[in-house]
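Engineer: Build me a structure from this.
(chains A, B, C, D, E, F, G and H)
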Protein chains: 8
Amino acid sequence: MSSDNFNIDLDRKGRLGFPEVIFGQSKTVEQLKSILAYHQQQAIPALATKVQAEKAQPLLAEFPEAFFDEESGVFGLNLNDSNKTDPAIVIVSGGTSDAYVVNEVFYTLRYLGVTASRIQDVGVSGLHRLMNRLEEIKTYKIIIAVAGFEAALPTVLGGLVAQPIIAVPTSVGYGVAAEGQVALHSLLASCANGITVVNIDNGYGAAIAAFRMLHTFKPNQP
Amino acid sequence: MSSDNFNIDLDRKGRLGFPEVIFGQSKTVEQLKSILAYHQQQAIPALATKVQAEKAQPLLAEFPEAFFDEESGVFGLNLNDSNKTDPAIVIVSGGTSDAYVVNEVFYTLRYLGVTASRIQDVGVSGLHRLMNRLEEIKTYKIIIAVAGFEAALPTVLGGLVAQPIIAVPTSVGYGVAAEGQVALHSLLASCANGITVVNIDNGYGAAIAAFRMLHTFKPNQP
Amino acid sequence: MSSDNFNIDLDRKGRLGFPEVIFGQSKTVEQLKSILAYHQQQAIPALATKVQAEKAQPLLAEFPEAFFDEESGVFGLNLNDSNKTDPAIVIVSGGTSDAYVVNEVFYTLRYLGVTASRIQDVGVSGLHRLMNRLEEIKTYKIIIAVAGFEAALPTVLGGLVAQPIIAVPTSVGYGVAAEGQVALHSLLASCANGITVVNIDNGYGAAIAAFRMLHTFKPNQP
Amino acid sequence: MSSDNFNIDLDRKGRLGFPEVIFGQSKTVEQLKSILAYHQQQAIPALATKVQAEKAQPLLAEFPEAFFDEESGVFGLNLNDSNKTDPAIVIVSGGTSDAYVVNEVFYTLRYLGVTASRIQDVGVSGLHRLMNRLEEIKTYKIIIAVAGFEAALPTVLGGLVAQPIIAVPTSVGYGVAAEGQVALHSLLASCANGITVVNIDNGYGAAIAAFRMLHTFKPNQP
Amino acid sequence: MSSDNFNIDLDRKGRLGFPEVIFGQSKTVEQLKSILAYHQQQAIPALATKVQAEKAQPLLAEFPEAFFDEESGVFGLNLNDSNKTDPAIVIVSGGTSDAYVVNEVFYTLRYLGVTASRIQDVGVSGLHRLMNRLEEIKTYKIIIAVAGFEAALPTVLGGLVAQPIIAVPTSVGYGVAAEGQVALHSLLASCANGITVVNIDNGYGAAIAAFRMLHTFKPNQP
Amino acid sequence: MSSDNFNIDLDRKGRLGFPEVIFGQSKTVEQLKSILAYHQQQAIPALATKVQAEKAQPLLAEFPEAFFDEESGVFGLNLNDSNKTDPAIVIVSGGTSDAYVVNEVFYTLRYLGVTASRIQDVGVSGLHRLMNRLEEIKTYKIIIAVAGFEAALPTVLGGLVAQPIIAVPTSVGYGVAAEGQVALHSLLASCANGITVVNIDNGYGAAIAAFRMLHTFKPNQP
Amino acid sequence: MSSDNFNIDLDRKGRLGFPEVIFGQSKTVEQLKSILAYHQQQAIPALATKVQAEKAQPLLAEFPEAFFDEESGVFGLNLNDSNKTDPAIVIVSGGTSDAYVVNEVFYTLRYLGVTASRIQDVGVSGLHRLMNRLEEIKTYKIIIAVAGFEAALPTVLGGLVAQPIIAVPTSVGYGVAAEGQVALHSLLASCANGITVVNIDNGYGAAIAAFRMLHTFKPNQP
Amino acid sequence: MSSDNFNIDLDRKGRLGFPEVIFGQSKTVEQLKSILAYHQQQAIPALATKVQAEKAQPLLAEFPEAFFDEESGVFGLNLNDSNKTDPAIVIVSGGTSDAYVVNEVFYTLRYLGVTASRIQDVGVSGLHRLMNRLEEIKTYKIIIAVAGFEAALPTVLGGLVAQPIIAVPTSVGYGVAAEGQVALHSLLASCANGITVVNIDNGYGAAIAAFRMLHTFKPNQP
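Structural biologist: Predicted coordinates:
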C-alpha cells in the first residue's frame, strides 16, 4: 500500500487544537502498519481506536514499544506517559461491563494530555452507589457518563449536578438492548436536563467533546 | 350491523375472574352502539377503552347515563360507583402528560371493583420528588409505574422497593421518543430488578395484570 | 483489575428481598474472576447469567466447586442445593428449543430459594399438547410462559387461566423471528388478558418478578 | 386527464382468469373518474379498493348506481349482484374491529363471482369462541383468516384444520401493534403449519389468492 | 435429556394430513439426538430442517443411514426414497444462490410423498431466461417461487400465470437486502396479483402450504 | 421575516449549471413569500417543490401569474414556457398513482430548459404494457423510472435497455409499502444492472441528476 | 384538575442553576392553564415548549400578557425582555426550514438570561455560504448547529472550528429523512470531531447544555 | 452440481453492452467452480464479486491463473490486463477504510474495459484534503464517490462540481453507523444537488451505472 491511499490530517492540531486519531476497526493490518509507520517516521504520537486483538498482535510485533489496551482496543504509539490526575474531567459508568468504553475515553484524553478520573459501576438500579459518590462527582468541571442497557444513570445525574454532561451509550445488553440502540435512544429522549450524547461506544468522541470545552474555556490548561 | 358480527365473551368473568373490556379505538360508532346496547339489554356493566372524543359524542347521546373520561377515552356503562380507596394498588407516574394512561388504569380497576391510589408527576429528572413519596409508595402491595420519554422512573423504583412493579410506557415524547418505543425498550432493557412491562399506553393491560395478582393471592378481596 | 472497578450491591437483599445477580455476558473472564472471588471471600453465594461456554472453562478451573449449566449459561457459586418442588411457580414453554431460557428462570429461582416446576414443549401449533396439561397448570399460583417464534402460547394461556402470567419471549426463530423481536412484540400486543412481559431471553427478570409477588403476598414462604 | 395516463390491463382476465382491480387509495378523484368512466364506456364491471369516504362522495354523484361499502372503502360499478353463498371459502376474523378487511375480501370475491361465508370475532383470547365454530369452518375448502394485534388466530387454526389458510394481518391495534407490523410478523413467524400471508390489510390480495386456487383446481366452478 | 423435554405431535398427521417436522437450528445436538432416537424407536420417518453442518456430523455418526443435504441443512431419517416427479408442483428460483431454499422445499415435499420439479436461476434481471421456461411452468398446478435481493421474479410471474403462487423470500443479498427483509417486503407489497408469502428462508412452510392445497383439492393424489 | 433568514445560492447556476430550487414543504407561507418576492425582485425564475395545496392558495393570491401543479405541489414563478419535447429524457412510471412524482420530474426539468417525454402506467404486473412501449423507450438517452409498491419496473427495465436509469421510488402503497420504504429498498437491492436511485418521492433530485448528465456529455444541448 | 397532578420542581434552579421548563406538546389546555397559573401566582417566569397553535389561543386568552412564538411553539410568561446579544453563543442553521428549532434554542436561552446570535441558512450544499461566515462564527465560545435532511453542516463545521459544538437534528425532510432520523444518525455517526448531539428538534435541550457550560466555566456571566 | 442449476445470461453484453458479473458472496465453492469452469470452457472472461478469502483459496487452486483482490473480494478470470488510465471516471473516497469498495468499483470497470482513477481519503472532516484535489476532480466526466459513517463527502462534492455523481455508501462505521444504513440514508436525504445512490458496498453497481453513461453518450469509447 502506497501513501497515496491515506491522507493524514497533520494540520488538525493547529486548526482544532487536537491531532487526528486513527479509526482502527475497519482498517487492515497492512493499512494500519503504513499509517503508524508514517507517524513514527514523522516523530509524532499516534492513537488508533477499536483495534481488534487479533490485529494488535502483528502490530505489536512491528512496533514493540507501542501501548495496547485489550479491553478497549486502544493502540498507542509514543504516547506521553503522564499519570497526573486532572481535576477537570470525571468518567462515571453504570456497570463493570462498560469498562471498555471508559478506557477509550480515558486513553484518548491522555493522548490529548489530560488525565481524567474514573468512577465505575454506580448504576441507578442500586441508587445508593451513585449517591455515595455524588459529592465527589460534583467537584469536577465536566462529567462523561457511560452506560449501557437502559442507560438511566446519566438521566438521574442530570437532575443532580449542574455541570456539562456528555453521555456515551454502550452496546452492553441483550434482547432489545443489544447493540446499544436502547441506551442511545433513552439518553436522547431524556428530556429535562440538557445532557448531550455521542454515538454508541464512542468514547473517543466524548473525549474530544470534553477537550473542546477545556480548550475553549481554559485555554492554558491541558 | 347484526349481532353476527360480534361475540361477547360472557363467560370470561367465570373463567378468569374479570369481564371482557371493549377495545374502542378501531370500532365504528355503529359497532360500539350495537355492543353497548347488547350489554345494556343483558343488564351487565360495560367498559370501552381508547374511545376517541368525536366517537364519544354520539355514544353519549345514545346512552346519556354513561360515563366518559375525555383524557383517557374510557367510556363506561352502568359502572359501579364506589370511591373507597383500596390499600392494594398505587399508580405512580413520571409526568403530568402521562395522566391519560394513569386514568385508563384507574378506571379499568374501578370497573373491576378496585379503587387505586394515584401519585403523579414524580419523574426522576428531579429525584427528590420521588424520594418525598417513597415511604408512602412502599405501603402498597402492587405498584403500577407509568412513564414516557426515556421512562427511567420504574427503573429507579425497581432498586428502591420490593413489591411487584408493572411498568406502562406511554407515547409521550418527541423525536426518538415519539410513539413510546424508547420508553418501552428502556423498560424492557432495565436489567436488574424484575419489573414487568405491558404495551405502550396499555393502562388496561396493567390493570388486568394487577387484578390477576389480587385475585390469585387475595381471593376474598376485590 | 482492582476492586475499584466494581461495586457489589450487598445491601440489595435487605432492601429488596433478593441479592444481586451478575450479568456475565459482557464481562471479561478477569472481571468475572474478581467478582466471584469477592463473593467467595465474603462467603455469600453468587449467580452469573449468560456466561458463554468458552468463558466458563477458565472460571470452572478457578472455582472447581462451581455449578455451570451449559444450555442457559448460568454459573453458580455456593448455591443452596435444595431440590424440593414448590407449588407456587410453573415454567411453561412452547418448544424444546426454548429450554435455555427455561433453565435461566429455573436456576435463578433456585438461587432465591424457590424450586419451580417445568412443563416444556406445549406450543399451540398442536393445541392438544397444552390442553392435556391445563388442569395441572391451573394448580400453580404464578405462571412463567416462555416462547419464541410468534409466541402465541402465552396469549392462549391468558384466555384460559386466572393467575398472573409473566411471559418471556425467546430469540428462537429465523427470518423475521430472528432475535426474538416478533415474539416480544406479539406478547406486548396480545391485547385482551393482562399478561406482562420481560425482555427477550430475560429468564432472570421473570424469576425476580415472580419472586417479588411471593415476597409481597406470601412473605413467609420462600 | 387524458387516457394517456392510465393503461387498463384489459387482457388480464384472459391471461389470469380475473380482471384488474383499481387501487383507489392514492388516486385522485379525477383519476378515478376517468378510469371508472372508461370501464362504463366499455361496459365492463369495475372494482376499486381503499377508496376514502371523502373521495367516494363525488364518485357516487357521478356514478349514482355504483356500490360503496364505507367500512372497507370498496367501490363497485356494475357488479354482478348474486348473493348465493358458495361452499368453497370462509372468511374468519379475530375481532369486530377487523370487519373492514373482512369486507374487502368479501366484495372482491363477489366481484370475481364467488360469494364467501363470514365468521367474525372468534379470536383466541377466548378460545371457546373459535372452538364452537370449528366443525363449521372445517366444511370449507379454503380459509381466509383475518386478524390484528398479535394475530394468534391463524396460528391456532393452522394446528386444527387441514385446508389451505391465507392469513391477512390487519392494522388494528395500538402501541407496538399499530399499523399491523406485529400481526404481519407474527403470522410469518408462525412456524409449524404452512399458513401463507399477504400484506397488511390486503383483503384484495387474499381474495385473488383464493381465486387462483379455485380457478386452478375447480376450473368449472366460479 | 429425558423425554419430559419434548412432546412429539404424533397426532398431527391424522389431524392435518402431514406429520411434524423438527426445527433443527436452535436445538442442541443432545436434543436432536433424543428426538431422532424417539422417532427411530417408533419406526416413523423424521425430518429436521436448518441443521448446521457442524451439528450434522455427530448426528450422522449416531444415525449413519440418515440423509443430510449440506446446502439446505435438511436432515432426514428413514425417508421414503421415491424419485418420481409429480406434475403438480414446480419450484422456480431467481438465482443459483437461492438453491439452499429450493432444496428445503424439495426435500420437505419428498418427506410428504410429493416429488416436485425445479427450475432454477431464471431471475428477471435477464427476463428472457424466465420467458424461455414460461410454457413449461404453466403446466404445473402450484408454483413455489424462491427469490432473494429485491425478489421481482414472483411479481412478474404473478402477471403471467393463473396458478396459485407461494413466494419464499431468501436471505441472499447484501447492504439493504441482507437478511431477506427487502425480498420479503417486496413480495408483500407486490400489489396486483394475489401471490402469497411465507417467512424468509421458510422453504418448509411453502412446502406445507402447497401440500395443504393438494391434500384438500386432490385428496387421492400424494 | 427579514432577509437575514435566507441565503439564496445565486451562484449555483454558474458553479453547477443549474439554479437553486426551493424546498417548499417545511417552509411557512411567510418564508415562501419572502423568498419568492426576492426572486421576483431579482427578475430570476423560481421553482418550489412539495408546496401543499393550502399553502399554494395565499401564494397564488400574492403572485397571480405563478404556475401551480396541484398533483405534484410544484410552484413556479416566471418559468420559461417552452413545450417542445426533447428526445433526451423519458419518464416512465409504474402506475397512475405515481403521477405526482412524474410531474415533479417533468416540471423541474422544464425549469431547467428540458422538456421530457412521459410514458405512464406500464408496471410489470401486466408485463405486456411495458413490452408494447419498449422500442419507444429505447430511443431516449436517459430513463427516469418512477415506481411505488415493490417497484419492480426499474429492475425489469434494467435488464432490457442499455441507457442510464435513474429510479425514483414513490410513497404509493399501504401496509409494508406505506411511505415508500419497500420501493426504495427494492430498487437499491436490485442487484444486477447498474440502476441508480434517489430518495423516495424525490422527482426533483432525479431531474437534477439527469441534467448533470446532459450538461456534462451534451454541453450545448439544454 | 387539582395541584395533586403536577409537581413543579421549584428547587431546580438552586440545584442545577436553571429553572424547570414545561413540555407543552402532550399537555391538555387545562393542564397548561393550571401549571401557568401556579407560576403566575408564585410570581416566577414560566416557559413552555412545543405548544401547538390551537392550544396557544385559549392560553393567550387566559394570559394576555404572555409571549407566543408561532414558528417554534414557545410560550412564555413574565419573561425577562433583555435583547442584548451575548458574545458567548451562536446558533447556526442549515436552512430556512430549520427556523422553528433555531427559535426554540433562542427563546429558551433568553429565558435563562442569555441572548444568543443567529446565523441561518448556511447549509453545505452551497459551501461558500458557510465559508463567508466562518470567521464570524469563530468569535463565539459555543456553537449550536441546527440541521435537517442529511445534516452535513455540523460535520463540516467540526473540521473547521475548535469550539464545543452542540448539534440539533431537525425533522425537516421527506422520504428517508422524514422525522429527522437521518439527521440524527448522521450527526451521531460523524466520526472525527467530537460534536455532541441532542434529540431531534430538541432546541430546548441544546440551550440547557450550552447553559451548563457557561454556568460551569463562566459562573459570573449569565 | 449440473448446469441445470445456473443460467449464464450470455446475451447480456449484446443486449446491454456489458457482460454478466457473478455475485460470489452467497454461492458455495462448488457453485462458483461450476460457473467459472463454464466461462473458461466458453473462453469468455469472468468476474465474481464479494468472494470471501476462505472461498478464494480453493478457487485459486483450481484456476491458478485467476486474479484475486483480497481487500475487495473481486475474483477475475481471463481479465483484460490493460492499465491505461481513462480520463472519464474518477473514484473518490472519504477514508482509507473505504478502499475495499473503491477496489470493487475499480476492478469491475477494468473488466468492462475502463481504467478509472482513484483519489482516496479526502473526507470532509478535514475539508482542505478535498479542496486540494478539487480542480483535479473536475477534469473527469463522472465521479463515483465512496463514503462510510455519515457520508458527507458526496453531499459537499455535489455543491462544488457539475458532473454526474454516483454515491456508494460503505458499511464502515460502528454504533448507529454500523452496516452502512446511516451512510445510505444520509446520501439519499442529501437534498440539494442531484446525486444518485446505489446499495451499501455496491461498488459493482456504481461501475455499471457509470458504464451505462459512457456507453450511451460516448459509444465509441470503452
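
Engineer: in chain A, what residue is nearest chain H?
Structural biologist: Residue nearest to chain H within chain A (C-beta to the nearest C-beta): residue A:200, separated by 3.2 Å. (Each C-beta comes from the backbone N, C-alpha and C, glycine too.)

Engineer: Distance of that residue relative to residue C:27?
Structural biologist: 19 Å (C-beta to C-beta, to the nearest Å).

Engineer: go on, residue A:143?
Structural biologist: Separation of residue A:143 from residue C:27 (C-beta to C-beta): 24 Å.

Engineer: same for the longest helix along chain A, what does it pack against?
Structural biologist: Using DSSP state H, we find that the single longest helix of chain A is helix A:203-217. Counting contacts by 3 or more C-beta pairs under 8 Å, 6 or more residues apart in numbering or on different chains; DSSP states H and E, helix A:203-217 packs against helix A:99-111, strand A:142-147, strand A:165-169, strand G:196-197, helix G:203-217.

Engineer: which residues of chain A fall in strands?
Structural biologist: Secondary structure of chain A, counting by DSSP state E: strands at A:22-23, A:46-49, A:67-69, A:74-77, A:89-93, A:117-119, A:142-147, A:165-169, A:196-197.

Engineer: angle of the longest one against strand A:165-169?
Structural biologist: Taking axes from the mean of the first three to the mean of the last three C-alpha atoms, to 10 degrees, one finds that strand A:142-147 is oriented at 20 degrees with respect to strand A:165-169.

Engineer: hmm, strand A:142-147 touching chain B?
Structural biologist: No: judged by C-beta under 8 Å from any C-beta of the partner chain, strand A:142-147 makes no contact with chain B; its nearest approach is 10.8 Å.

Engineer: Also the last one?
Structural biologist: No: with C-beta under 8 Å from any C-beta as the measure, strand A:196-197 is seen stopping short of chain B, the closest distance being 10.2 Å.

Engineer: does chain G sit close to that strand?
Structural biologist: Yes: applying C-beta under 8 Å from any C-beta, one finds strand A:196-197 touching chain G at A:196-197.

Engineer: circling back: C-alpha coordinates for the longest helix of chain A, PDB please?
Structural biologist: Written as PDB, here are the backbone C-alpha positions of helix A:203-217 (Å, rounded to 0.1, in the frame of the first residue of the first chain):
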ATOM      1  CA  GLY A 203     -15.600   7.000  23.900                       C
ATOM      2  CA  TYR A 204     -13.200   8.800  21.500                       C
ATOM      3  CA  GLY A 205     -15.900  11.400  20.600                       C
ATOM      4  CA  ALA A 206     -16.800  12.100  24.200                       C
ATOM      5  CA  ALA A 207     -13.100  12.700  24.900                       C
ATOM      6  CA  ILE A 208     -12.800  15.200  22.000                       C
ATOM      7  CA  ALA A 209     -16.000  16.900  23.000                       C
ATOM      8  CA  ALA A 210     -14.700  17.400  26.500                       C
ATOM      9  CA  PHE A 211     -11.400  18.600  25.200                       C
ATOM     10  CA  ARG A 212     -13.200  21.200  23.100                       C
ATOM     11  CA  MET A 213     -14.700  22.700  26.300                       C
ATOM     12  CA  LEU A 214     -11.300  22.800  28.100                       C
ATOM     13  CA  HIS A 215      -9.600  24.100  25.100                       C
ATOM     14  CA  THR A 216     -12.100  26.900  24.700                       C
ATOM     15  CA  PHE A 217     -12.800  27.900  28.300                       C
END
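
Engineer: Quick check: the residue of chain A nearest chain E.
Structural biologist: Closest point on chain A to chain E, by C-beta to the nearest C-beta, is residue A:179, at 14.3 Å.

Engineer: That residue - nearest residue in space that isn't next to it in sequence?
Structural biologist: residue A:171 (5.3 Å; C-beta to C-beta, 6 or more residues apart in numbering or on different chains).

Engineer: Enumerate every residue touching the most centrally placed residue in chain A.
Structural biologist: Centroid check for chain A by C-alpha atoms, centre = their mean gives residue A:105 as the closest residue, at 2.0 Å. Residue A:105 sits next to A:91, A:116, A:144, A:146, A:168, A:203-204, A:206-207 when contact means C-beta atoms under 8 Å, 6 or more residues apart in numbering or on different chains.

Engineer: State the pLDDT value of it.
Structural biologist: Here, the pLDDT recorded for residue A:105 equals 98.

Engineer: Also residue A:221?
Structural biologist: On pLDDT, residue A:221 comes in at 56.

Engineer: This completes my enquiry, with thanks.
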